[in-house]
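Engineer: Here is the input, now give the coordinates:
(2 chains)
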Amino acid sequence: GAVVSQHPSRVICKSGTSVKIECRSLDFQATTMFWYRQFPKQSLMLMATSNEGSKATYEQGVEKDKFLINHASLTLSTLTVTSAHPEDSSFYICSARTGTGANTGELFFGEGSRLTVL
Amino acid sequence: AQSVTQPDIHITVSEGASLELRCNYSYGATPYLFWYVQSPGQGLQLLLKYFSGDTLVQGIKGFEAEFKRSQSSFNLRKPSVHWSDAAEYFCAVAPLGGFKTIFGAGTRLFVKA
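Structural biologist: Here you go, the predicted structure:
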């Protein structure tokens, strides 16, 4: 099956710094990637949809200037948390679709990145 | 509005016992339906999916799910639970064309010896 890799799996940073999380599709081209945020013991909250070569589409309530998303190639999307604060601490998960067609609903998930802001 | 409901926040079953996790959805038409499993600190893994056809779908790790249109349900089952099945389980739906997936709140499964 399709493999999605996220890096780093864990990151600790100081308040006010920026952190970049990478999401790569290893064996397929991902035209669309999704970024989710998951709070402890809660479900996944979709933050934004990232389309290769175009601007990301952010969900209501998500600050696009704080959570910068770049999808520069068909195999890489990045999420940068700018000027991070403790309330940004969370588990961030990316997912990807393999393209159009009947199976477009299936998502392939990265391993997740645990961000802790001190 | 589209929604997914998993009524049980957590369930505890004995190892070897059968399991059923409930999922109900609200959507104008039959969507694509999925069950994902998440181990602590990990991403999500697809257990099974339903697009069309046979309403009883088989997945990995011995799981199956049955789509019941009349009840708008897609319950996950396993005849005999193993300790390694302890995890968080998410039901999800995606509209035809599958653009934006909606997840249920999840059900935490505990397995006791």
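Engineer: So what are the sheet partners of the helix-or-strand element of chain A with minimal mean pLDDT and their directions?
Structural biologist: Least confident helix or strand of chain A, by mean pLDDT, DSSP states H and E, is strand A:108-109 with a mean of 88. Partner strands for strand A:108-109, per DSSP bridges, with pairing direction: strand A:90-97 (antiparallel).
Engineer: Settle this for me: B:N24 is touching B:F67, isn't it.
Structural biologist: No: look at B:N24 against B:F67 with Cβ atoms under 8 Å: they stay out of range, at 11.5 Å. Every C-beta, even on glycine, is put in place using the N, C-alpha and C of the backbone.
Engineer: Compare these two and say which one has the larger neighbour count.
Structural biologist: Taking other Cβ atoms under 10 Å in any protein chain shown, B:N24 and B:F67 do not tie; B:F67 has more neighbours (21 against 17).
Engineer: which SS state does that one fall under?
Structural biologist: Secondary structure, DSSP: H, G, I helix; E, B strand; the rest coil: B:F67 is strand.
Engineer: what bridges to the residue nearest to B:S73 when sequence neighbours are not counted?
Structural biologist: Leaving aside its sequence neighbours, B:S73 sits nearest to B:N24 (Cβ to Cβ, 6 or more residues apart in numbering or on different chains; 5.2 Å). B:N24 has these beta-bridge partners by DSSP bridges: B:T5, B:S73.
Engineer: what about A:S113, how many neighbours?
Structural biologist: 24.
Engineer: For chain B, which residues are neighbours of chain A?
Structural biologist: Residues of chain B lying near chain A by Cβ under 8 Å from any Cβ of the partner chain: B:31-32, B:34, B:36, B:41-46, B:49, B:51, B:90, B:92, B:94-95, B:97-101, B:103-106, B:108.
Engineer: quick one, what contacts the nearest residue to A:A30 once chain neighbours are set aside?
Structural biologist: In space, and not counting its chain neighbours, A:A30 is closest to A:A96: 3.7 Å by Cβ to Cβ, 6+ apart. Shown in contact with A:A96 (Cβ atoms under 8 Å, 6 or more residues apart in numbering or on different chains): A:A2, A:V4, A:C23, A:S25, A:F28, A:A30, A:T32, A:M33, A:F34, A:S77, A:L107, A:F108.
Engineer: those strands in chain A, which residues are they?
Structural biologist: A:4-7, A:10-13, A:19-25, A:32-38, A:44-51, A:57-58, A:67-73, A:76-81, A:90-97, A:108-109, A:113-117 (DSSP state E).
Engineer: TSV for the ones you listed, including distance to B:S84?
Structural biologist: Shown next, in TSV, are the strands of chain A (distance: least, Cβ to Cβ, whole Å):
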stretch	distance to B:S84
strand A:4-7	23
strand A:10-13	23
strand A:19-25	27
strand A:32-38	22
strand A:44-51	23
strand A:57-58	37
strand A:67-73	35
strand A:76-81	31
strand A:90-97	22
strand A:108-109	19
strand A:113-117	22
